[in-house]
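Peer 1: Please find the sequence and the predicted model below.
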Amino acid sequence: MLGKIVVHGGAGFWKKEISRGLAGVTAAASEGVDILRRGGSALDAVEASIMVMEDNPVFNAGKGSSLTVAGTIEMDAGIMDGRDLSAGAVALIRRVRNPIRLARIVMEKTDHVLLAGDRAEELAKIFSLPEANPITQHRRRLLMKVKKGGTDERVSWVRKNRELIEGHPETLRFDTVGAVALDKEGNFAAAASTGGPTMKLPGRIGDSPQIGSGLYADNQVGAATVTGLGEVAIKLALSKAVCSQMEMGLTARMAAIRAVRLASNRLKGEAGVIAIDKTGRISSVHNTPCMPWATSNTRAPKPKARPNGEIVALVRKTA
Ligand code: ASP
């Protein structure tokens, strides 16, 4: 079977950083496909691709994650194995260099799916995962800029996000990262990692560590990973919605289009989807102006990277 990987660098507004974003998704797809070519699993491939993007500060995941309203970082990540639906996720992570590795440890070494905060970081210590300070100057400046708009410390991202976005569209440079893969054995996996939206409230957990919202993989169906405003993906259980549509026979493209349209029409919220269906067809669909993504397969391993996938039901034209 032809192994495939699709990665994205986040739905939103990408301006001058887009070339760095494209180089980043290319490097991530290349890492993933190398694993698939050597006969590695889809699970190993998505984890490796995400780690490459977590280490690249251009993305809002791992190093360079967005800051909360308090100027701190709280990262979320999730991973799912389509072979047996095993899944692992972490939330509110502050110091672990690669949250996706910790998500995989939750999946493989505990009986749980989601661990959050200090207790999750203790698990990282037990397994000797490297630590890092993920805060960058760029994210500090972005937070200051957004804060200057007169929003106060008690701003609720969820209730006031529309207002916040109107005044400060730069908050929509989400740049979360995600990956889906199909290996030569026909196994699927999905993964996602994020710092969440700039100026989120401390304690807020997004869709990326929530199975069925930010990611889903099932060997009987395919795999999907979502980006955009996490609250939208959570309310619509968007990744599972894509997989359910594929289960009913829709292609990866049609299932992703339906999910993104639903996000636009029902909630007027930003969303992006990458997916692979059972027959290996891939899709990349979003309702934001940009979503750098890349794909590669074991026969033609040189990744193809693009600044956009298919744009449907655009919710906001300009930043
Ligand atoms: N979905 C992520 C979150 O809201 C952000 C993103 O996809 O860029 O946490």
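Peer 2: Sure, I can see it. For clarity, every value in this text was computed on a predicted model and none was experimentally measured.

Peer 1: which stretches of the stretch 101-250 of the chain form strands?
Peer 2: 114-116, 177-182, 188-194, 215-218, 222-228 (DSSP state E, counting those that start in this stretch).

Peer 1: Out of the ones you listed, flag the one nearest the ligand.
Peer 2: Shortest separation from the ligand across those is recorded for strand 222-228, at 3.4 Å, computed as Cβ to the nearest ligand atom. All C-beta atoms are positioned from the backbone trio N, CA, C, and that covers glycine.

Peer 1: what helices or strands is that closest one leaning on?
Peer 2: Using 3 or more Cβ pairs under 8 Å, 6 or more residues apart in numbering; DSSP states H and E as the contact criterion, the elements in contact with strand 222-228 are strand 177-182, strand 188-194, strand 215-218, helix 238-247, helix 252-267, strand 271-277.

Peer 1: orientation of the fifth one relative to strand 222-228 in degrees?
Peer 2: This means helix 252-267. Interaxial angle of helix 252-267 relative to strand 222-228 (axes from the mean of the first three to the mean of the last three Cα atoms, to 10 degrees): 40 degrees.

Peer 1: Tell me the helices and strands packed up against helix 252-267.
Peer 2: In terms of contacts (3+ Cβ pairs under 8 Å, 6+ apart), helix 252-267 is packed against strand 222-228, helix 230-235, helix 238-247, strand 271-277, strand 282-286, strand 310-311.

Peer 1: and those, which is most packed in?
Peer 2: Most buried of those by mean neighbour count (mean count of other Cβ atoms under 10 Å) is strand 222-228; its value is a mean of 34.

Peer 1: shouldn't residue 238 be in contact with residue 259?
Peer 2: Yes. Under the criterion of Cβ atoms under 8 Å, residue 238 lies in contact with residue 259, with a separation of 5.3 Å.

Peer 1: Need the residues touching each of these two.
Peer 2: 224, 226, 271, 273 (Cβ atoms under 8 Å, 6 or more residues apart in numbering).

Peer 1: Between these, which sits nearest residue 58?
Peer 2: Top of the list for closeness to residue 58, among the shared contacts of residue 238 and residue 259 and by Cβ to Cβ, is residue 226 at 20.2 Å.
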